[in-house]
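Colleague: Take this sequence and fold it.
(one chain, ligands or ions: 2)
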Amino acid sequence: MSQINLGIIGGGQLGSMLSTAAKKMNINTTVYCNDAEAPAQNFCDEFIFGEYDNNKKILEFVNKVDLVTYEFENIPYETLSEINKLKPVLPKPSVNRLIQHRLAEKDFINKLNIRTTRYVNIEKKSDIETLEDFLPGILKTTTMGYDGKGQYLIKKIEDLNSIDVDFSKGYVLEKLVKLKKEISVVLTRFGINSYEIYEPIENMHQDQILKHSKIPAEISEKILDQSKNWATSIAEELKYIGTLCVEFFIDRNENLYVNEIAPRVHNSGHLTINAYNISQFENHIRAVCSLEKIPLKKLSNAKMINLIGDQIKPYRQNLCLNDNEFFFDYLKKEIKEKRKMGHITTLI
Ligand code: ADP
Ligand code: MG
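Modeller: Ligands and ions are numbered 1, 2, ... in the order given. Model prediction:
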């Protein structure tokens with residue numbers, strides 16, 4: 001087969017790791033991003049800087065590639081759908097449109113008879129005043145949220161007075177779950193009932209940002225099966241192609257809830273690079289490029305620690321790693337508080 005040129009929209013750490021995986025498979029990558037300093041330019045073959053609604057730049061990008069995938073969900077639907085008229089976009093744009101809207105996403109999941117947290121659409125501040133039943137709760141923007149951005153904990157109605165929220169942007173109020181644990185299931189769908197599924201990953205968040213992930217997750221057989229089944233049903237219903245992640249909550253009564261779907265590779269799946277024969281990134285590329293599906297083999301248990309903000313500093317200087325430790329520097333130019341700068345995976 002002739003050389004494949006894969007277009008990737010988004011140039012953060014996920015775009016970087018997709019590019020690295022592609023390179024290993026001799027696939028060329030062109031990354032398109034609206035950040036001139038995007039780290040993926042250090043890892044891809046070609047980098048194009050442009051806004052996501054700049055048609056001329058987008059066309060330049062599309063002309064260079066055979067197909068297009070993306071590393072994050074907040075890309076305008078119109079952009080993906082226009083690209084899809086010229087070159088295949090995978091996962092398909094309609095998946096992205098659904099999942100980038102928290103309300104549509106949760107409605108979709110509930111229609112499959114899969115449990116989510118209790119939620120309600122909020123259009124104006126006074127809507128919340130009659131919803132004491134949903135408190136304590138978390139107010140979340142319906143679009144563009146990530147790493148806890150655009151989220152507010154509302155313990156009681158009075159808390160509304162101390163937050164500065166533009167309700168016209170669209171919000172969802174979610175009942176707070178008394179969390180016992182969070183897990184995620186990463187899978188890659190290649191076609192009808194054709195999957196590679198990684199075992200559930202246990203996740204620990206700090207300030208709503210993922211801090212640690214590990215396999216195996218310490219969960220019951222029942223939760224293990226249910227989480228894999230739910231993730232598979234979601235992917236099948238979406239007719240998804242590529243790697244997808246479903247984030248779950250487990251409450252203190254051992255009930256499982258879907259928190260959200262990520263229509264892309266996921267931070268909790270970084271440990272698959274070292275712990276499996278095929279990483280979530282390689283599998284994504286295999287699926288979207290219609291390459292061979294290779295059975296997954298787990299090589300080791302593992303834990304992954306995100307390096308956030310300043311935490312990267314000591315690792316960038318005179319680092320001593322053991323044979324079972326793997327350090328990843330996303331090469332982001334500026335260290336910012338709450339910014340994911342790198343990670344360490346340890347095989348255990
Ligand atoms: P993001 O899109 O920013 O990842 P999430 O909805 O996944 O937002 O929320 C981030 C984290 O905040 C979750 O992983 C969890 O730790 C906490 N959280 C969010 N919603 C709830 C909830 N309803 N109950 C308990 N914890 C929650
Ligand atoms: Mg999340």
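Colleague: What parts of the stretch 101-250 of the chain come near ligand 1?
Modeller: Contact residues, the stretch 101-250 of the chain versus ligand 1 (CB under 6 Å from any ligand atom): 117, 138, 145-148, 174, 176-177, 179, 182, 205, 208, 247. To be clear about C-beta, it is placed using only N, CA and C from the backbone, and glycine gets the same treatment.
Colleague: Which of these fall in strands?
Modeller: If you go by DSSP state E, these have Ile138, Glu174, Leu179, Glu182, His205, Glu247 in strands.
Colleague: Apply the buried test to the residues you listed and list what passes.
Modeller: Neighbour-count burial (16 or more other CB atoms under 10 Å) applied to these gives Ile138, Glu174, Glu182, Glu247.
Colleague: so can I have TSV of the residues of the stretch 101-250 of the chain next to ligand 1 showing pLDDT?
Modeller: Below are those laid out as TSV (pLDDT from 0 to 100):
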residue	pLDDT
Thr117	96
Ile138	94
Gly145	76
Tyr146	78
Asp147	75
Gly148	76
Glu174	96
Leu176	96
Val177	96
Leu179	96
Glu182	98
His205	96
Gln208	88
Glu247	98
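Colleague: What number of residues are in the vicinity of Asn277?
Modeller: For Asn277, the neighbour count with other CB atoms under 10 Å is 12.
Colleague: how close does the closest residue to Glu37 other than its chain neighbours sit to ligand 1?
Modeller: Nearest residue to Glu37, sequence neighbours excluded (CB to CB, 6 or more residues apart in numbering): Lys333, at 5.2 Å. Using CB to the nearest ligand atom, to the nearest Å, Lys333 is found at 23 Å from ligand 1.
Colleague: same check, this time on Tyr240
Modeller: Distance of Tyr240 to ligand 1, given as CB to the nearest ligand atom: 19 Å.
Colleague: Report the secondary structure state of that residue.
Modeller: coil (DSSP: H, G, I helix; E, B strand; the rest coil).
Colleague: so it makes contact with Phe190?
Modeller: No: checked against CB atoms under 8 Å, the pair Tyr240 and Phe190 is beyond contact range at 9.9 Å.
Colleague: Settle it for me: which of those two has more neighbours?
Modeller: Set side by side, Tyr240 and Phe190 show more neighbours around Tyr240, with 23 against 19, by other CB under 10 Å.
Colleague: count of residues packed around Ile9?
Modeller: 24.
Colleague: what's it in contact with, if anything?
Modeller: Val31, Tyr32, Cys33, Tyr52, Val68, Thr69, Tyr70, Glu71, Phe72, Ile75, Thr79, Leu80 (CB atoms under 8 Å, 6 or more residues apart in numbering).
Colleague: Could you rerun that using 6 Å?
Modeller: Tyr32, Tyr70, Ile75 (CB atoms under 6 Å, 6 or more residues apart in numbering).
Colleague: shaky segments in this protein?
Modeller: By pLDDT under 70, the low-scoring segments of the chain are 1, 318.
Colleague: mind listing the helices for it?
Modeller: Using DSSP state H, the helices found in the chain span residues 13-24, 55-64, 77-86, 93-99, 102-111, 125-129, 221-238, 272-275, 280-288, 313-316.
Colleague: From Tyr146, how far out is Leu176?
Modeller: 19 Å (CB to CB, to the nearest Å).
Colleague: what's the answer for Pro216, then?
Modeller: 27 Å.
Colleague: wait, Tyr257 sits on Arg115?
Modeller: Yes: the criterion here is CB atoms under 6 Å, and Tyr257 meets it with Arg115 at 5.0 Å.
Colleague: before we move on, back to that, for ligand 1, tell me which of the contacts of Ile9 show up nearby.
Modeller: Answer for these near ligand 1: none qualify (CB under 6 Å from any ligand atom).
Colleague: Pipe those into TSV and attach neighbour count per row.
Modeller: As requested, the contacts of Ile9 are exported to TSV (neighbours: other CB atoms under 10 Å):
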residue	neighbour count
Tyr32	33
Tyr70	26
Ile75	22
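Colleague: Please flag which of these sit within strands.
Modeller: Tyr32, Tyr70.
Colleague: Once you drop chain neighbours, what's closest to Leu307?
Modeller: Using CB to CB, 6+ apart, the closest residue to Leu307 is Gly342 (4.4 Å).
Colleague: Same question for Tyr330.
Modeller: Distances taken as CB to CB, 6+ apart put Gln13 closest to Tyr330, at 4.3 Å, once the chain neighbours are dropped.
Colleague: before we move on, what about Glu260?
Modeller: Glu247 (5.2 Å).
Colleague: Since that was my last question, I'll sign off now.
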